[in-house]
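Enquirer: Pasting the sequence and the predicted model now:
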Number of protein chains: 2
Amino acid sequence: MDHPVSRSRPARPRATLLSLSQTAGVSISTVSRALRGDTRISPATRRRISALAAEAGYAPDTLARTLLGGRSGLIGLVLGPMRNPFYPALLEELVAQAADRGLRLLILHAGEGSMEERTAQALLGYRVDGCIVTSAVLPSRVTAICAENAVPLVMVNRVARDHGTAVSCDNAEGGARLAGLLLAAGHRRFAVVGGHADTSTSQDRERGFATRLAEAGHGLACRFDGGSTREGGWAAGLRIAALPPEARPDAVFAVSDGMAMGLIDALRSAAIPVGMTEGISVVGFDGVATALHPPYELTTIVVPVPALVRRGLDLLLARVTEPDAPDELVTLRGELHPGRSARLPAMLEGA
Amino acid sequence: MDHPVSRSRPARPRATLLSLSQTAGVSISTVSRALRGDTRISPATRRRISALAAEAGYAPDTLARTLLGGRSGLIGLVLGPMRNPFYPALLEELVAQAADRGLRLLILHAGEGSMEERTAQALLGYRVDGCIVTSAVLPSRVTAICAENAVPLVMVNRVARDHGTAVSCDNAEGGARLAGLLLAAGHRRFAVVGGHADTSTSQDRERGFATRLAEAGHGLACRFDGGSTREGGWAAGLRIAALPPEARPDAVFAVSDGMAMGLIDALRSAAIPVGMTEGISVVGFDGVATALHPPYELTTIVVPVPALVRRGLDLLLARVTEPDAPDELVTLRGELHPGRSARLPAMLEGA
DNA sequence: ACGGGCCGCGCAAACCTTTGAACAAAACTC
DNA sequence: GAGTTTTGTTCAAAGGTTTGCGCGGCCCGT
């Protein structure tokens, strides 16, 4: 009566090359070669051992394999703040594509908390083949450790300030494109809702936008700090709504879709219409699913997440096999999604 | 001119017990014991070796340690659909709390795609100490593998149908509580927007709600399938708006906050007010951050995510050390968040 | 002065897989 | 039929860590 209902507990002691070799009556190395498809082993033996392995539920011990100097198949992952809906989408794509390449993701860090010492221990202790960083807020620690220990590192959706390998959307171009469209549609008073001041993504988007405006002889009527959160966008919207009507911008660029949604919510709650026909035009950047649908139907630059992830893994794996490869920056052009949240030039209205 | 600017590449060959022992002039085992704080080693030697290890950037090789039969410190993770904003929050909490306990998360699967054979290989090959499953849609494969190989498994925010260990919010009670509040506030025509038909979470919430209504002699005026997505909630809202006014419900329970937000968006876009003073009352379940803020200010049951994760890890670690522990179901009561999206009994209005 | 006990440390095995080298046997060549 | 290649398999080592056991040296009691 010690354990009430301990269900079928085979607890077979884990199939190993040794156990398989014993039941097959051959040596350990024969089993190993048979399972890896070595042609030196006769087809008959190979088939027999494969069947045995499948039946025993054998899975090669990746740890022992890695110990031999091989690769661990582990990618260390540093995740950005999960409340930004862009990151969950990125994560899902990353998991899927990594699995397709036989890689697994080991989460080193998530969110905005500080990176503890344990992160370094994990990075080295589990012998990750490389690291992917999607958050640039506090990467210094991981970046340093990777550099010291020759662990390849690739930033996805971020660009290192002075060096490093990264793949990102062409944020400056996207910002400029949005500015050009808004200008062509006749807007004249522009506002920006910025994100984290210390992330390259936000900086580049805002800079591209402002530069394009300046080229056309325009400036920013006002600028708000949205902190990359939906709540920040909401707060910015309230402040815009509180302006006297003649001081309000007629076009607002929120540098991330999350902020754009909060912004639209705030404007509408203040009875200020947002859209292509009347009121204020709002554009965003990211292309998160929720923003593309009603009630937002946001005009935004869609970051090509699948391609971003694909190129990121390409770059990382290339550096796993060739550690001396020079730093590389890959920039992918985003696609404009013309929604109903902004007045656009006539040429686009049909699309 | 082969590699343009290959920065400082120390590529020191990875500090190991052997390398440390050589520089320290002692044996490997002494270094091992010194670093683990074994009192048999003299304090002086311990300090000296610790300093050496820190300087060399030594990190114990977890793989080799695990090979000895110890624990890997790895928790396999099966994630639910990331587009539901509840999961990113759960993930962030999970990463933080796991790190606090010295554990790392290895992502086995994310999203709704089917579970491939590689998942099994990873689960066994990396010798995960246990698994946490937050998605019950396709767990059969992982559940079976864990059961066969005596790998502890805990479901978080899910309940297994017939057996297994799980920790979840008291979904039925929460649903019933919401029903009771809506009844007490005088609502009479009720609707439900359901989620995935095959997840225990959605089922229990809906069942609790309907049961409590039935006890009071009421039924459901209508029911919609929201598919656990925001878009599904939006679609349900449009269908409600399309009903003739006298056929519309005066209270709607969306079994997840994401659907509730879509629902509110749709009702408002159809000029049907939602809120505590007029129009339709909407309540949700989860307590995701966005839903608690304007413009939703949703009345919802907040799932206690930190406690959920804490108990989940408790249960998992208990089963790592004691594999024969019987199945256990832990249910945590959610907290009512009285927002402005629903008319509530007067006793709550002051709160 | 000598033996017992303790203190600090080293030896070696074990964990599991991969792989180059070696080895035996069978199938060729002439 | 002897030499040579091919074929099928085994041996052994390596990789980094943990740990039971053993071994010297020192202190203390007598």
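Expert: All right, it came through fine.
Enquirer: Now for whichever residue of the stretch 251-351 of chain A sits closest to DNA strand C: which residues touch it?
Expert: Closest contact between the stretch 251-351 of chain A and DNA strand C, by Cβ to the nearest atom of the strand, is at residue A:321 (14.2 Å). Glycine gets a C-beta too; all of them are placed from N, C-alpha and C. Listed by Cβ atoms under 8 Å, 6 or more residues apart in numbering or on different chains, residue A:321 has no contact partners.
Enquirer: how close does it sit to residue A:68?
Expert: Note on residue A:321: its distance to residue A:68, by Cβ to Cβ, to the nearest Å, is 17 Å.
Enquirer: Need the distance between the two termini of stretch A:80-93.
Expert: End-to-end distance of stretch A:80-93 (Cα to Cα, to the nearest Å): 15 Å.
Enquirer: got a list of contacts for it?
Expert: Here stretch A:80-93 has contacts from A:79, A:110-112, A:134-135, A:137, A:156-157, A:228-230, A:256-258, A:286, A:288-290, A:303, A:305-306, A:308-309, B:82-83, B:85, B:87-89, B:91-92, B:110-111, B:289, using Cβ under 8 Å, 6+ apart.
Enquirer: quick one: average confidence on it?
Expert: Stretch A:80-93 shows a mean pLDDT of 92.
Enquirer: Let me know whether residue A:201 touches residue A:158 as I believe.
Expert: Yes - between residue A:201 and residue A:158 there is a contact under Cβ atoms under 8 Å: 6.3 Å.
Enquirer: of those two, who's got more company?
Expert: A direct count of neighbours by other Cβ atoms under 10 Å in any protein chain shown for residue A:201 and residue A:158 places residue A:201 higher, at 24 against 21.
Enquirer: host element of the more buried one?
Expert: helix A:200-215 (DSSP states H and E).
Enquirer: which residues sit against the next helix or strand after that helix?
Expert: Proceeding N to C from helix A:200-215, the next assigned helix or strand is strand A:220-225, under DSSP H and E. Residues from elsewhere that reach strand A:220-225, judged by Cβ under 8 Å, 6+ apart: A:189-194, A:197, A:210, A:213, A:232, A:235-236, A:239-240, A:243, A:247, A:249.
Enquirer: How far off centre is strand A:220-225?
Expert: 27 Å (Cα atoms, centre = their mean, to the nearest Å).
Enquirer: Then stretch A:258-272?
Expert: 26 Å.
Enquirer: Only alpha carbons, please: show the helix or strand hosting residue A:50 as CSV.
Expert: Using DSSP H and E, residue A:50 falls within helix A:43-56. The C-alpha coordinates for helix A:43-56 follow below in CSV (Å, rounded to 0.1, in the frame of the first residue of the first chain):
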residue,chain,number,x,y,z
PRO,A,43,22.7,-4.4,-45.2
ALA,A,44,21.3,-7.4,-43.4
THR,A,45,23.0,-6.5,-40.1
ARG,A,46,22.0,-2.9,-40.6
ARG,A,47,18.3,-3.8,-41.0
ARG,A,48,18.4,-6.1,-38.1
ILE,A,49,20.0,-3.6,-35.7
SER,A,50,17.7,-0.8,-36.9
ALA,A,51,14.7,-2.8,-36.1
LEU,A,52,16.1,-3.7,-32.7
ALA,A,53,16.8,0.0,-31.9
ALA,A,54,13.4,1.1,-33.0
GLU,A,55,11.8,-1.5,-30.8
ALA,A,56,13.9,-0.6,-27.8
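Enquirer: Show me what counts as buried in the helix or strand just after it.
Expert: For helix A:43-56, the following helix or strand on the C-terminal side (DSSP H and E) is helix A:62-67. Buried positions in helix A:62-67, judged by neighbour count with 16 or more other Cβ atoms under 10 Å in any protein chain shown: A:62-64, A:66-67.
Enquirer: Need the residues that contact helix A:62-67.
Expert: Contacts of helix A:62-67 (Cβ under 8 Å, 6+ apart): A:72-73, A:127, B:61, B:63-64, B:66-67, B:72, B:122, B:125-127.
Enquirer: Quickly check: that helix near DNA strand C or not.
Expert: Yes - Helix A:62-67 lies within reach of DNA strand C by Cβ under 7 Å from any atom of the strand, at A:64-65, A:67.
Enquirer: Now do that helix, average pLDDT.
Expert: Helix A:62-67 comes out at a mean pLDDT of 90.
Enquirer: could you dump that helix to PDB, C-alpha only?
Expert: These are the backbone C-alpha positions of helix A:62-67, laid out as PDB (Å, rounded to 0.1, in the frame of the first residue of the first chain):
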ATOM      1  CA  THR A  62      23.500  13.700 -27.600                       C
ATOM      2  CA  LEU A  63      25.500  14.500 -24.500                       C
ATOM      3  CA  ALA A  64      28.000  11.700 -25.100                       C
ATOM      4  CA  ARG A  65      28.200  12.500 -28.700                       C
ATOM      5  CA  THR A  66      28.900  16.200 -28.000                       C
ATOM      6  CA  LEU A  67      31.500  15.200 -25.500                       C
END
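Enquirer: Wondering if that helix reaches DNA strand D at all.
Expert: Yes - against DNA strand D, helix A:62-67 shows contacts by Cβ under 7 Å from any atom of the strand at A:64, A:67.
Enquirer: if we can go back for a sec, please point out which parts of the helix holding residue A:201 sit buried.
Expert: A:200-206, A:208-210, A:212-213.
Enquirer: Run through who's touching it.
Expert: A:136, A:157-161, A:168-169, A:171-180, A:183, A:190, A:192, A:194-197, A:219-220, A:228, A:253, A:255-256, A:285.
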